[in-house]
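Asks: kindly generate the corresponding structure for this input.
(chains A and B)
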Protein chains: 2
Amino acid sequence: MSDYVSMNREELEQELSQLQEKYRSFQEQNLKLDLSRGKPGADQTDLSVGMLDELNSKSDFKTESGVDCRNYGLLDGLPEMKEIFGHILDVPASQVFVGGNSSLNLMFDTISCLMTHGVAGCEPWCKQGNVKFLCPVPGYDRHFGVTEYFGIEMINIPMDENGPDMDEVERLVQSDASIKGMWCVPKYSNPSGITYSDDVVRRLASLKPAAKDFRIIWDNAYCVHDLTDTPDHLLNIMEESKKYGNEDLFIQFCSTSKITFPGAGVAAFAASDANMAVLKKRYATQTIGFDKLNQLRHVRYFKNYDGFLEHMKLHREILEPKFAAVLNNLEQELGGKGVARWTKPNGGYFISVDVMDGCAKRVVELCKEAGVVFTPAGATYPYGKDPKDSNIRLAPTYPPVAELETAMKLFCLCVELAAVEKLLGR
Amino acid sequence: MSDYVSMNREELEQELSQLQEKYRSFQEQNLKLDLSRGKPGADQTDLSVGMLDELNSKSDFKTESGVDCRNYGLLDGLPEMKEIFGHILDVPASQVFVGGNSSLNLMFDTISCLMTHGVAGCEPWCKQGNVKFLCPVPGYDRHFGVTEYFGIEMINIPMDENGPDMDEVERLVQSDASIKGMWCVPKYSNPSGITYSDDVVRRLASLKPAAKDFRIIWDNAYCVHDLTDTPDHLLNIMEESKKYGNEDLFIQFCSTSKITFPGAGVAAFAASDANMAVLKKRYATQTIGFDKLNQLRHVRYFKNYDGFLEHMKLHREILEPKFAAVLNNLEQELGGKGVARWTKPNGGYFISVDVMDGCAKRVVELCKEAGVVFTPAGATYPYGKDPKDSNIRLAPTYPPVAELETAMKLFCLCVELAAVEKLLGR
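Replies: Numbering: from 1, shown residues only, chains lettered A, B, ... in the order given. Okay, the predicted model is just below:
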């Protein structure tokens, strides 16, 4: 295949009409496919249904310490569940708070808490005028949605294969006290799939923020979601930050939404003593407690951390061919054409594609008009605005492989089509 | 039995030493009983364990409309669950939002939302300086905890057998725009067990608040918790308020925490279109969705509203003798002594006792020292401060009847003891 950029106008015109013909044949298939969200497939949720057999009308509903999980109590979760999350997040169980079904909700609660209640002796953010958050891009649209909801100004921080641009992060955080926090998905980042390098983690751990109430939301959503024999390794942020007396800067989150059931899993956070005290005060007011029967189901089914890791291997078996299907199609259809770059993650839920500048919206639109929905272009940036209009997030997990193959063939075609249109100035 | 107030000093001294002797014999029993919280008993949670058989590894996990409850989706809940809550709250299912496991959490979210996001074109409460809430007293300590957490000034509103003092409510709400809301448990109120009269409901429904962003938290926690053949009837607040164009003033809450499992039940709210839009915007940012598998369990087990009502009869069978034990003891031990008044509710979870002014703390302390824990005196008032130090909440649901009998005998003795101490000026 030749590189589009080196084609002359005539060659491009010819290419365009060939691509348009192919596109029409896709349209005739009346496809209805959806690669828009990071949803586990039905084959993945099938893996966890055995958990539902763990509790029935004949069960013993008590924790090892004798608490009846059918009633109120244990605000911060079952000790057994805290233990498992401690292993997952690599912190002592005592630093874990087990919440409801959604880590997004726990992160929202945290931001909401900081909006109305100060930490580290500072005024609540809602009383400090304009406050700002750093947003490594491309990133997770729902994170950006939370800060946007609270009117927190978002500042784009470019990401490369090592993580966020730390020169920029240090410059901003150390000079501007209105910068109050930062979103991070440090392992198998959403959407690029990259893992923060040791150097990046250490520079984050040793930040000297101008704001005393600066907090990093460390969304470790994919910490156990390895997909290859060469998994990435992320430095332990709590241990690193302690070396600099910075343990209050980081609050860590995760959930089993993509391990057991999205919506019917269990979420947790880990925090320093100071942060835990602030958040526990809130949760003790907010609720009498979270769903302990569902925690008990998880504990009985997995037994321990090793049980979780074994379970993750089953997910990998399902997801590996799906990621391969996406990557193979990208390579076969777009390799060497100079119209797209993409990441090859060792885990997580997404693949990030950068198409030609100014073409992302057009690609997604073309796909949609042929019946395949992708994450809207721009969604991976704050306010839905990708300044280069080039990034598209691919979510390979939900559709069966056969559907993925079709969807990716269409996607690649649309990437080419949009590129040729652009080169022709259409 | 003679009335303490009419006894002379000598008679009182004699009575005191007799009561002290009885008290010592209680102390020797080394009791360890707890009547402090409105927790269902194990006999009550036993009623719902059959629900756990509804979902197992072989189940069909789809709603009637075909949504797989094991995955993301349906932010506002299963249509079938909305239907049932619509009946429970007596509103169209379209006005219902099904949330997580805790109505307290939904109420907290609502107040939190109003703190950071304005409604009705007003500034968020956090930007309006000092804002205030009306708190009918005695009331629910966790309600007061939420407003206290957000620094909202709480104003006591006396309750009588018809509900809150409406002259006072109208005077305050119609004159002071910094009064932004009011807590209400309109049916089988916590702790008095009274139900708001039709007149009170109509006066609330027709309020003309000075604040455009005034909102009433209508916590209908005990709407189906009848305990006698003569249940109370509460007027439908959404219908009444509509007559005055006031449907935006009320947001209604309930849960199955005291129907199925505390902590593993399902909560919901009902709201006008305008309030629903504000809250849905928040929830769409806050979470991808709540636990639909648990909703499905509830729907499959109860099938419909009638199933819920049948289930409530089983609760009544367990609770009726417990409430009777408390009321009989109060009548037998304290009747005619002029040292206490109490309510005789037709439903709900509590009985409210007013002991002699200045004696509530002493009664609870005496009970505690003899091994029986009651809700702390003062807890039924904002900031934990009962101005008369007279109200004590009794929670008869958790202990078995035999334990209740013992606990109540001690309680009544302590009420007498504290009264005689007071009359003797000790």
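Asks: CA atoms for contacts and neighbours, from now on please.
Replies: OK.
Asks: where is the longest helix in chain A?
Replies: Secondary structure of chain A read by DSSP state H shows that its longest helix is helix A:305-334.
Asks: who are the packing partners of it?
Replies: helix A:42-46, helix A:79-89, helix A:401-423 (3 or more CA pairs under 8 Å, 6 or more residues apart in numbering or on different chains; DSSP states H and E).
Asks: for the second one, packing partners?
Replies: When you say that, I think you mean helix A:79-89. Packing partners of helix A:79-89 (3+ CA pairs under 8 Å, 6+ apart): strand A:96-98, helix A:292-302, helix A:305-334.
Asks: one more time with 7 Å
Replies: For helix A:79-89, the elements it packs on are strand A:96-98, helix A:292-302, judged by 3 or more CA pairs under 7 Å, 6 or more residues apart in numbering or on different chains; DSSP states H and E.
Asks: check whether the last one comes into contact with chain B.
Replies: Yes: on the criterion CA under 7 Å from any CA of the partner chain, helix A:292-302 is in touch with chain B at A:292-293.
Asks: tell me the mean pLDDT over that helix?
Replies: On average, the pLDDT along helix A:292-302 is 98.
Asks: with the shortest one instead?
Replies: Strand A:96-98 shows a mean pLDDT of 98.
Asks: just checking, next helix/strand downstream of that strand?
Replies: helix A:103-116 (DSSP states H and E).
Asks: let's see that following helix as PDB, backbone CA atoms only.
Replies: What follows is helix A:103-116 as a C-alpha-only set of coordinates in PDB (Å, rounded to 0.1, in the frame of the first residue of the first chain):
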ATOM      1  CA  SER A 103     -15.700   3.700  41.700                       C
ATOM      2  CA  LEU A 104     -16.800   6.600  39.600                       C
ATOM      3  CA  ASN A 105     -19.400   7.400  42.300                       C
ATOM      4  CA  LEU A 106     -16.600   7.300  45.000                       C
ATOM      5  CA  MET A 107     -14.500   9.700  42.900                       C
ATOM      6  CA  PHE A 108     -17.500  12.000  42.400                       C
ATOM      7  CA  ASP A 109     -18.100  11.900  46.200                       C
ATOM      8  CA  THR A 110     -14.500  12.800  46.700                       C
ATOM      9  CA  ILE A 111     -14.600  15.800  44.400                       C
ATOM     10  CA  SER A 112     -18.000  16.800  45.800                       C
ATOM     11  CA  CYS A 113     -16.500  16.600  49.300                       C
ATOM     12  CA  LEU A 114     -13.600  18.800  48.400                       C
ATOM     13  CA  MET A 115     -16.000  21.300  46.900                       C
ATOM     14  CA  THR A 116     -18.000  21.800  50.100                       C
END
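Asks: and the contacts of that helix?
Replies: Contact with helix A:103-116 is made by A:124-126, A:146, A:253-255, A:267-268, B:286-287, as judged by CA atoms under 7 Å, 6 or more residues apart in numbering or on different chains.
Asks: next one: stretch A:205-219
Replies: With CA under 7 Å, 6+ apart, stretch A:205-219 has contacts from A:119-120, A:122, A:170, A:173-186, A:237, A:240-241, A:244, A:246, A:249-254.
Asks: go again with 6 Å.
Replies: Stretch A:205-219 has contacts (CA atoms under 6 Å, 6 or more residues apart in numbering or on different chains) with A:119-120, A:173-177, A:180-185, A:240-241, A:244, A:249-253.
Asks: please apply the same query to stretch A:291-299.
Replies: Outside stretch A:291-299, the residues that reach it (CA under 6 Å, 6+ apart) are A:54, A:69, B:263-264.
Asks: quick one, phi psi at A:K180?
Replies: Recorded main-chain torsions at A:K180 are phi -110, psi -10, according to degrees, to the nearest 10.
Asks: report the contact partners of it.
Replies: A:132-133, A:214.
Asks: ok, back up a step: among the helices and strands packed on helix A:305-334, which comes closest to B:G384?
Replies: Across those, B:G384 has its closest neighbour in helix A:79-89 (31.0 Å, CA to CA).
Asks: how far off helix A:292-302 does that closest one point, in degrees?
Replies: With axes from the mean of the first three to the mean of the last three CA atoms, to 10 degrees applied, the angle from helix A:79-89 to helix A:292-302 works out at 60 degrees.
Asks: can you list contacts of helix A:79-89?
Replies: Applying CA under 6 Å, 6+ apart, the set of residues contacting helix A:79-89 is A:92-93, A:96, A:304-305.
Asks: please name the nearest non-neighbouring residue to A:L172.
Replies: Nearest non-adjacent residue to A:L172, counting by CA to CA, 6 or more residues apart in numbering or on different chains: A:I179, 7.6 Å away.
Asks: lovely, talk soon.
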